[in-house]
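Asks: how does the following fold in three dimensions:
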Amino acid sequence: MFSGIARGYTALRGDTGQPQSAVDTIDKLCDRLLNGSHLEDRRAALLGLKGLSRDWKSEVGSRALPILLGVLEEDAPEDVEIAKAVVETFSLLCEIEEVDGRPVRDDSGLRNTDVFLSTASPLHTLLNLLRSNHFYLRFFSLQLLGVLLANRSTQVQGHVLTAPGGVGRLVETLDDSREIIRNESLLLIIALTTANADIQKLLAFEGAFDKLFAIVKQEGGISSGGIVVQDCLAAIGGLLRWNVSNQNYFRETSCIPLLAPLLLFPQPAAISPSTLAAFAFQQWSEQKVINAGLVISLVRMLVGGAGSGRAGNQKALLTSGLTRCLAELALASNAPAVLKSQALNALADILRLSPPNQAAFAELTVTPLIPPLVPSARDPAYSDGQDDEQRFGGGGPGVMREKLHDPSDAKWHRGTPLPATIATVSLCVQGDGTPGREGLRVRAGAAAVFESYVANSTEVQLEILKAMATPPEAPEPSENSEPPPKPRPQTAGAILVQAIRIFPTPSRTGPFDSYLPFFSCLLFSHLLLHSEISKEAARKIYFNGDDAEPGGPGDEDDRASLVSIIVGNLMMAQREQAQSANAGAGPERGLEWSRVMIGYLIVLSIWLWESPMTVKEFLSEGSNLQVLIQPITQSSGVDSAVQGLCAFLLGMCYEFNREPGPITRETLYPILQSRVGPDQFVSRILRLREDPRFRSVGPNVLELVDEEESLEDLSEEDGLWFDYTFVEFLKTNYISVQRAILLDPNASEPGRRAGDGSESSEVVAALRSTISIQGKDLEDLRAQVVKMESERDQEVSFYWGNPHLLPLTPLLHSQRGSFRTEVEKLTNQLVTLRAELESVKTEKESADKEQEDLLVLLEELSGKRKADKAKMRTAGLEVSDEEEDDDDDE
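Replies: Predicted coordinates:
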């Protein structure tokens, strides 16, 4: 060995013994590597090139790379030492230098990578080297694969797919007992599966799922596994993400039952109070929370699609106990808020469009925990004369904190068992006391669960609405002299109706929970959406006088419907916002009141849409119109989102005002035209659509994913304002509302949506029906003519053979002529009807175009009017106060 090194040194020193340049040295090393007769000489030359690759990467790459590729393909499979050295050299040559976290432009590492990947053979050879059990060779081979993948992922993935058995050899490295190699393989698999469904499938069919779960178990699960378990779960996620085939394979190979035990939830057969208590009271380290979150993300991947695969996964998750696991984790455990919100959103995905899971959730009973050292969740500034148990039914985590009196007790306690539906509604409406964005995420996640639970289930909706209309059960009389216990609502409907009924009255300086009425209205709107049956049931909810509970005996004249209660609360919120502004309470308080008003306006918009009876009830009080008109016409001091929703609701009142009542369409039309005006009406709704709080709402808005936001310091403007369901509802229907207010009340009959061409559609349908009938009659007549012509021919033949029938010839010709005349008459009628149909279609298209042009013209006139006023002010001309106010409104 030493003699080889000595010979290499002599060759590098040169004939004169003078130092050589790096290029000359590289050339001599390449020559020795290519033409050396002794193996030790070639190894020494290869090691020399490896040493020069650190400082002379570009030169080595340009001169030695082809020779190194030949060594990799020819010599490396035969000699471990040469294989190790050449793989290390390629790693150095293909690395990309970074400055301030960014790759250096035109780095030679990319050029060397492109040369290496110009053909598939070098990468295939590299994958074959993984068969060797040599530690350094396996480790450096995996590292080189990672470098190449980071530089040119698409080319590497393509070559891996064409390598015979290459994916299988990658999976085999997961069984390596040496942790450093196994962990390097994990990182490589995570990177390799990115955006390549074919590699994901190959890895899955090579047994990657089983090997990854085995590593998780070997490392001690999510609690003790640390970063290795995190990498394994990330690799499983990479195999499942957006890959329906792998998701089905995951289910068919019975991997779904492994998820609940990963979260330390007992098997369905082992569920008992003691095992549930052990699950509820856990220690949560930071790494354990991350690992548990990755397990929950796997669940969401399995139920994030559509079709039979998703339904099968939902059924498997229910059977394996994961549905209950997530419910217990979110509603009855001491898990951190970030994990509870993830569990709630995953539970919402499982319940969505899954009747078996919805039924299981409806029957589930949970035992929420009482957090330690947390005061009552009831806002001290929330003064409505009731305590939490009266307001929220004595259920839910927030309510039961009222029982924790000992401030020195720092342990969690189990509360009173209650249905999961009640715990969900209570958690959403009241919260669990977690501050900032994390607390809001938990409440929003509970709202998502409720939406999925009641969606497409009229029976569940009506059950909750019935509970909202029913007064609470009277308490049982006490046997001793103690005062009777207070009534405690025990249904989700009772919690909702009380939260909507009670108006928040904060102190002048203290904060209050604006999300309480907002979330209660949001949940209530999901019970009413697209269901006239539910809207009718909601109209039966009433209060007697100032009673806080619905129903009960009393004079019918003193009854207040829930619609009037909501409108009254909306009016008081407007007043409170104005008073807080005058008192200098600050912009945050104004935004809180805006959120409260938006909640009331959302539920009224959902309730009144396509519901003439609800519109009639809304308009039964003339002052209700003023509640909508005043914010629209006010030039300052009103949130633009509130103005837009008021305009939308006002247009709805005009469009669906079809039942006889004190305020008719004829009464509303001049109010819309004079008090508001079409241009201002349209501009208010368009401004709402352009509001960032509205425009940024997406399908995952309730998850409130924003990594840059502080979890504790959350401003009101950054909070939750709308849910995706309502945003889509408004985007779908606002055009028809805008068109409706432009039409005269007598232009279309009540019962038809204004401006949508329903009358023309009915005429077209009638004409089509007439044409169909006439066409059928014509075909029958033609068949009769053919039959009669056939009979005629037979008769003529008989006639010419019978001289006694010659006198009947004129009669036969007369009948034939009458039949032909009738056929021609019907043919002409058919042509006329078709022409009328085309004319009606043309008129309908023309009317629709005129309506579109009218809206565009209104916007152009509004812009031109502003430009003209600006020019008048620039020229020093006088503009009236009324015109200036109108200009501000625009």
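Asks: from here on, contacts and neighbour counts on C-alpha atoms
Replies: OK.
Asks: how about the strands in the chain?
Replies: For the chain, the strands defined by DSSP state E cover 98-99, 102-103, 365-366, 369-370, 413-414, 418-419, 542-544, 559-561.
Asks: dump those strands into TSV; add distance to residue 621, mean pLDDT and mean neighbour count as well.
Replies: As requested, the strands of the chain are exported to TSV (distance: least, CA to CA, whole Å; pLDDT from 0 to 100; neighbours: other CA atoms under 10 Å):
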stretch	distance to residue 621	mean pLDDT	mean neighbour count
strand 98-99	70	68	10
strand 102-103	66	64	10
strand 365-366	43	95	20
strand 369-370	45	85	24
strand 413-414	48	82	18
strand 418-419	39	94	18
strand 542-544	16	83	23
strand 559-561	11	86	18
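Asks: how about JSON lines for the ones you listed, with distance to residue 230 added?
Replies: Compiled in JSON lines, these are given as follows (distance: least, CA to CA, whole Å):
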{"stretch": "strand 98-99", "distance to residue 230": "27"}
{"stretch": "strand 102-103", "distance to residue 230": "26"}
{"stretch": "strand 365-366", "distance to residue 230": "29"}
{"stretch": "strand 369-370", "distance to residue 230": "28"}
{"stretch": "strand 413-414", "distance to residue 230": "31"}
{"stretch": "strand 418-419", "distance to residue 230": "34"}
{"stretch": "strand 542-544", "distance to residue 230": "54"}
{"stretch": "strand 559-561", "distance to residue 230": "54"}
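Asks: tell me which of the ones you listed sits nearest to residue 498.
Replies: Of all those, it is strand 542-544 that lies closest to residue 498, at 10.9 Å by CA to CA.
Asks: adjacent strands (with direction) for that closest one?
Replies: When pairing is defined by DSSP bridges, strand 542-544 lines up against strand 559-561 (antiparallel).
Asks: picking that back up, ok, which of the strands of the chain comes nearest residue 178?
Replies: From the strands of the chain, taking CA to CA, the stretch that ends up closest is strand 98-99, at 30.5 Å.
Asks: picking up where we left off before, out of the strands of the chain, nearest to residue 140?
Replies: In terms of CA to CA, the element of these nearest to residue 140 is strand 98-99, at 21.0 Å.
Asks: where along the stretch 651-800 of the chain do the helices fall?
Replies: With DSSP state H, counting those that start in this stretch, the ranges of helices along the stretch 651-800 of the chain come out as 665-671, 678-690, 692-695, 724-740, 758-800.
Asks: what's the spacing between the first one and its chain's center?
Replies: Between the mean C-alpha location of helix 665-671 and the chain-wide mean there is a distance of 40 Å, by CA atoms, centre = their mean, to the nearest Å.
Asks: which residues does that helix contact?
Replies: Identification of contacts with helix 665-671 by CA atoms under 8 Å, 6 or more residues apart in numbering yields 654, 657, 658, 741, 744, 745, 746.
Asks: identify each buried residue in that helix, please.
Replies: The neighbour-count check on helix 665-671 (16 or more other CA atoms under 10 Å) flags 665, 668, 669 as buried.
Asks: can you check the third one too?
Replies: Going by neighbour count (16+ other CA under 10 Å), the buried part of helix 692-695 is 693, 694.
Asks: for it, C-alpha coordinates in CSV please.
Replies: Extracted in CSV, the C-alpha atoms of helix 692-695 (Å, rounded to 0.1, in the frame of the first residue of the first chain):
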residue,chain,number,x,y,z
PRO,A,692,-60.2,40.7,1.9
ARG,A,693,-62.0,39.1,4.8
PHE,A,694,-64.6,37.7,2.3
ARG,A,695,-62.4,37.2,-0.7
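Asks: just how off-centre is that helix within its chain?
Replies: A distance of 16 Å separates the centroid of the chain from that of helix 692-695, by CA atoms, centre = their mean.
Asks: packing partners of that helix?
Replies: Secondary-structure packing of helix 692-695 (3 or more CA pairs under 8 Å, 6 or more residues apart in numbering; DSSP states H and E): no helix or strand packs against it.
Asks: would you write a PyMOL line that selects the buried entries of the contacts of helix 665-671?
Replies: To isolate the buried ones among the contacts of helix 665-671 in PyMOL, judged by 16+ other CA under 10 Å, type:
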select buried, resi 654+657+658+741+745
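Asks: JSON lines for the contacts of helix 665-671, including pLDDT and distance to residue 469?
Replies: Formatted as JSON lines, those follow (pLDDT from 0 to 100; distance: CA to CA, whole Å):
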{"residue": "654", "pLDDT": "92", "distance to residue 469": "28"}
{"residue": "657", "pLDDT": "90", "distance to residue 469": "26"}
{"residue": "658", "pLDDT": "88", "distance to residue 469": "26"}
{"residue": "741", "pLDDT": "85", "distance to residue 469": "35"}
{"residue": "744", "pLDDT": "81", "distance to residue 469": "39"}
{"residue": "745", "pLDDT": "81", "distance to residue 469": "36"}
{"residue": "746", "pLDDT": "75", "distance to residue 469": "38"}
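Asks: between the contacts of helix 665-671, which is closest to residue 829?
Replies: For the contacts of helix 665-671, the nearest to residue 829 is residue 746 (33.3 Å; CA to CA).
Asks: so what's the residue most central in space within the chain closest to, chain neighbours aside?
Replies: Among the residues of the chain, the one closest to the centroid is residue 699, at 2.8 Å (CA atoms, centre = their mean). Leaving aside its sequence neighbours, residue 699 sits nearest to residue 724 (CA to CA, 6 or more residues apart in numbering; 5.5 Å).
Asks: contact partners for residue 682?
Replies: Listed by CA under 8 Å, 6+ apart, the contact set of residue 682 reads residue 738.
Asks: quick check: it vs residue 570, distance?
Replies: For residue 682, the distance to residue 570 equals 22 Å [CA to CA, to the nearest Å].
Asks: residue 446 now?
Replies: 25 Å.
Asks: between those two, which has more neighbouring residues?
Replies: When neighbours are counted by other CA atoms under 10 Å, residue 446 and residue 570 differ, and residue 446 comes out ahead with 33 against 23.
Asks: can you point out the buried residues in stretch 61-78?
Replies: For stretch 61-78, by 16+ other CA under 10 Å, it's 61, 64, 65, 68, 69, 71, 72, 73, 75, 76, 77.
Asks: ok, now stretch 231-250?
Replies: For stretch 231-250, a neighbour-count test (16+ other CA under 10 Å) marks 231-244, 246-250 as buried.
Asks: the residue lying closest to residue 96 once chain neighbours are set aside: what's it in contact with?
Replies: With CA to CA, 6+ apart as the criterion, residue 96 has its nearest non-adjacent residue at 5.0 Å, and that residue is residue 109. Applying CA under 8 Å, 6+ apart to residue 109 gives the contacts 57, 58, 93, 94, 95, 96, 97.
Asks: and the residues you listed, which of them are buried?
Replies: Neighbour-count burial (16+ other CA under 10 Å) is assigned, among the contacts of residue 109, to 57, 58, 93, 94, 95, 96.
Asks: specify which member of those residues is nearest to residue 867.
Replies: residue 96 (56.7 Å).
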